[in-house]
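J.: Sharing a model that was predicted from the sequence below.
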Amino acid sequence: LFGYVGIEAVLDQMKIKTMKTGFEFNIMVVGQSGLGKSTMVNTLFKSKVSRKSSQPGQEERIPKTVQLQSITHIIQEKGVKMKLTVTDTPGFGDQINNENCWDPIIKYINEQYERYLREEILITRKRKIPDTRVHGCVYFVPPTGHWLRPLDLEFMRRLSKIVNVVPVIAKADTLTLEERAEFKQRIQEDLKTHAISVYPQEDFDQDPEDRALNDRIREKIPFAVVGADQEHQVNGKRVLGRKTKWGIIEVENPAHCEFPLLRDLLIRSHLQDLKDITHNVHYESYRVRRLNESNR
Ligand code: GDP
Ligand code: MG
């Protein structure tokens, strides 16, 4: 009876469904002010993934971010629609007393879970619940070249319990290659010592193949990124980059920085996995917590 099932037909159906309805993907950037978060939001939108759909002429310098702010672009590729939202946050940790500086960010993340939950428990549910949950939270580590600061550790410890945290070394162009490598190593050690589980979390590897792939990514985390929102002419091509006295740092050039790794992880190779872990792990634990609370 089940000699040949024809799974491909199912894949086709799944594809058609996604093409029709599209999907939502939400990223958030957090970190101290001045580390290039707002610039990175622009870099993400202007880099290849969305170059086709971004409207030229909408260039504006981003002022110092004072409140949480989301920017959405609809990206359409090969008939598939993606609604990509990036939420920019004001720098935290700028005060003398940084106690509870993570509260607004954690509150925002939980509010999105709450919204989803409210829709989900309605008797007449929408066929497709609007999804504003944060699928990936990019944490900007200042390029000190030392160790993680207590503030970074505390913030990531709290965040990693409720969201996928992807740490990056900010403004990596301020470090030499050796400094980058050493700093990366120290951060990895720091995270291990403090049992902070950033994305991709070892616990959630699906199988040996998945593990092997993710191990290669874990070796490279945190990515040393450089952001830019201006284009320059290099060898007759327009590239996103930072112009310095010594030359142009091309943000999309893997020889210059690891922004391409970050972009590919988020928007290409691990997009579905980030969504799955958000739904199956982070949202699920929020849901269980909330339902327990209301049963008491
Ligand atoms: P935010 O406060 O974290 O949002 O930081 P901004 O994006 O506003 O950037 C603060 C300053 O750092 C601006 O002058 C940016 O041009 C600059 N900047 C942003 N990204 C980088 C980077 O990767 N390297 C360097 N050297 N400067 C950067
Ligand atoms: Mg900003």
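T.: Looks like it arrived, so ask away. Ligands and ions are numbered 1, 2, ... in the order given.
J.: correct me, but N42 touches G227?
T.: Yes. Between N42 and G227 a contact is recorded at 7.4 Å, counting by CB atoms under 8 Å. Every C-beta, even on glycine, is put in place using the N, C-alpha and C of the backbone.
J.: who has more neighbours, those two?
T.: G227 (29 against 23; other CB atoms under 10 Å).
J.: Quick one: classify the more buried one as helix, strand or coil.
T.: coil (DSSP: H, G, I helix; E, B strand; the rest coil).
J.: repeat for G241
T.: G241 - assigned by three-state DSSP - is strand.
J.: does it really touch D229, like I thought?
T.: No. Here G241 lies out of contact with D229, judged by CB under 8 Å, at a distance of 10.1 Å.
J.: Which single residue in the protein comes nearest to ligand 1?
T.: With CB to the nearest ligand atom, the shortest gap between the chain and ligand 1 falls at G36, namely 2.7 Å.
J.: Could you report the neighbour count for I267?
T.: 21.
J.: Could I get the contacting residues of N253?
T.: V239, P260 (CB atoms under 8 Å, 6 or more residues apart in numbering).
J.: element containing it, please.
T.: For N253, there is no host helix or strand (DSSP states H and E).
J.: From G227, how far off is it?
T.: Distance, N253 to G227, by CB to CB, to the nearest Å: 13 Å.
J.: what does the stretch 151-296 of the chain put close to ligand 1?
T.: K171, D173, T174, V226, G227 (CB under 6 Å from any ligand atom).
J.: Who's the closest spatial neighbour of the third one, skipping the chain neighbours?
T.: What it means is T174. Leaving aside its sequence neighbours, T174 sits nearest to P143 (CB to CB, 6 or more residues apart in numbering; 5.0 Å).
J.: That neighbour touches L175, doesn't it?
T.: Yes. Taking contacts as CB under 8 Å, P143 lies within contact range of L175: 5.3 Å.
J.: intersection of neighbour lists for those two?
T.: I169, F183.
J.: what's the neighbour count on G6?
T.: 8.
J.: Next one: it, what pLDDT does it get?
T.: Note on G6: pLDDT of 76.
J.: How much space separates it from ligand 2?
T.: G6 sits 51 Å away from ligand 2, taking CB to the ion, to the nearest Å as the criterion.
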